[in-house]
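Peer 1: below: sequence and its predicted model.
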Amino acid sequence: MQLTRYGRLFLQSVNESLRILDAGTRDLQEMGRGGGLVLLGGIRKLASQTVPDLMQKFLATSGNEHTRFELHTESSFTADLLQAVAEERLDMAFVSHPGDDTVFENVAFARSPFVVVTPPNHPLAQKSSVTLRETLPYPFVYFSKRGGLRRPIDALFQKIGAAPKIAYETEEDTVVAGMAAAGFGIAIVPDHPVLRCMDLKVIPLTDPDPGRTAYLCRKRGALQPAAAQRFFAFCQAQLSQGAAL
C-alpha cells in the first residue's frame, strides 16, 4: 500500500494528535505524582542565575523530582512579564519592580547594589567610592523609560533632589555599560561580574543607599497546579534568607 499526498498529510495530522495526547497523558501522570509543569518568567539578569539556582534546589528536594519548568525570557521587561502573569500565561515571574498589590502577590528580595561605571580615564575613575551628588557634573548613559531599571535609578536621584545630565538612553544594562566603556558618558548599573571583563572602572556608590530590590510575583486568586504553589512557597522561604542575589 502506498499513501497518496493527501494520505501523507493526514498521517502527519494523526501523528501530531497522538503526540499531543501523549503529552497530556504524561502531564496528568506527573500531576498524580505531585509534579506538573510550572510556567516561569523572568528578566534576563534574574533568569540567568537566580531563577535556575532556585529551580535546581527545588528539584533536589524530596517530592519535587517530577516537576517540570518552562522559563520564559523572550520579553525581559517587567511590565510585559506582569501582564503575562495577570493573563495567567505564566504562573509567576521574577521582575524588577512589584505589581499592583490588589492584583499580585509580591515577594521582595535583595539584589546586588548599583555601582557607577566610567571609562578608565574619567575624572571619577581615580576614586575608590563616589556619592551620587559627585556624578552630577557628568553626562550619563541612562536607562530608557521602558526599561525596568529606570524607575529605581530615578528614585536615587529623587532622594538627593537632583536630576542627571542624560546624553544617551538605551534599555539593556550591558549596552549601557558598553556605551560607558566607549566614552559616551558615565552610568549607574547593577553590580555584576561581567563589568570586570569590560574596559571600565567600577566604583561603589555610597550615598544614597544603592541597595536594590527585586520581586517574585503571582496573580492573586489564580488557580495553579500544586507544583506551582509549592515552588512559590519554596521561593518565599529561600528568598527571605536575605542574601543579595
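Peer 2: Yes, it's here. Numbering: from 1, shown residues only.
Peer 1: geometric centre of the chain: which residue is closest?
Peer 2: Geometric centre of the chain, nearest residue: residue 43, 2.2 Å, by Cα atoms, centre = their mean.
Peer 1: could you measure from the closest residue to that one other than its chain neighbours over to residue 155?
Peer 2: Using Cβ to Cβ, 6 or more residues apart in numbering and skipping residues adjacent in sequence, the residue nearest residue 43 is residue 76, 5.0 Å away. C-beta here means a position set from N, CA and C on the backbone, and glycine is covered the same way. Residue 76 is 21 Å from residue 155, where distance means Cβ to Cβ, to the nearest Å.
Peer 1: neighbour count winner among these two?
Peer 2: Ranked by neighbour count (other Cβ atoms under 10 Å), residue 76 and residue 155 place residue 76 first, with 21 against 10.
Peer 1: quick one, strands of this protein?
Peer 2: With DSSP state E, the ranges of strands along the chain come out as 36-42, 67-72, 92-95, 104-111, 114-118, 130-131, 139-143, 165-170, 187-190, 201-207, 212-219.
Peer 1: distance to residue 238, mean pLDDT and mean neighbour count for those - can I get that in TSV?
Peer 2: Shown next, in TSV, are those (distance: least, Cβ to Cβ, whole Å; pLDDT from 0 to 100; neighbours: other Cβ atoms under 10 Å):
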stretch	distance to residue 238	mean pLDDT	mean neighbour count
strand 36-42	14	94	23
strand 67-72	15	95	16
strand 92-95	12	96	27
strand 104-111	9	94	18
strand 114-118	23	97	25
strand 130-131	33	98	16
strand 139-143	28	97	23
strand 165-170	33	97	15
strand 187-190	20	96	24
strand 201-207	27	96	17
strand 212-219	10	94	22
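Peer 1: ok so, going back, so how far is residue 228 from the residue nearest to the centre of the chain?
Peer 2: Residue 43 is 19 Å from residue 228, where distance means Cβ to Cβ.
Peer 1: so, low pLDDT: which residues of the protein?
Peer 2: Counting by pLDDT under 70, the chain shows low-confidence ranges at 3, 5-11, 14-35, 75, 242-245.
Peer 1: that one: helices as residue ranges?
Peer 2: 5-32, 44-48, 50-59, 78-86, 150-159, 173-181, 226-239 (DSSP state H).
Peer 1: re the thing from before, what about the strands of the chain, which gets the closest to residue 237?
Peer 2: strand 104-111 (10.0 Å; Cβ to Cβ).
Peer 1: what angle sits between the closest one and helix 150-159?
Peer 2: Here the directions of strand 104-111 and helix 150-159 differ by 70 degrees (axes from the mean of the first three to the mean of the last three Cα atoms, to 10 degrees).
Peer 1: if you count contacts, what does strand 104-111 end up packed against?
Peer 2: Helices and strands touching strand 104-111, by 3 or more Cβ pairs under 8 Å, 6 or more residues apart in numbering; DSSP states H and E, are helix 78-86, strand 212-219, helix 226-239.
Peer 1: in its sheet, what does that strand sit against?
Peer 2: Partner strands and pairing direction for strand 104-111 (DSSP bridges) are strand 212-219 (antiparallel).
Peer 1: what residues does the strand it pairs with touch?
Peer 2: Contacts to strand 212-219, defined as Cβ atoms under 8 Å, 6 or more residues apart in numbering, come from residues 46, 50, 82, 85-86, 88, 91-99, 103-114, 152, 190, 224, 232, 235-236, 239, 245.
Peer 1: for stretch 196-209, same thing?
Peer 2: Residues from elsewhere that reach stretch 196-209 (Cβ under 8 Å, 6+ apart): 113-120, 122, 124-125, 127-133, 156, 159-160, 177-178, 180-181, 188, 191, 195, 210.
Peer 1: can you flag the buried ones in these?
Peer 2: 114-119, 122, 124-125, 130, 132, 156, 177-178, 180-181, 188, 191, 195, 210 (16 or more other Cβ atoms under 10 Å).
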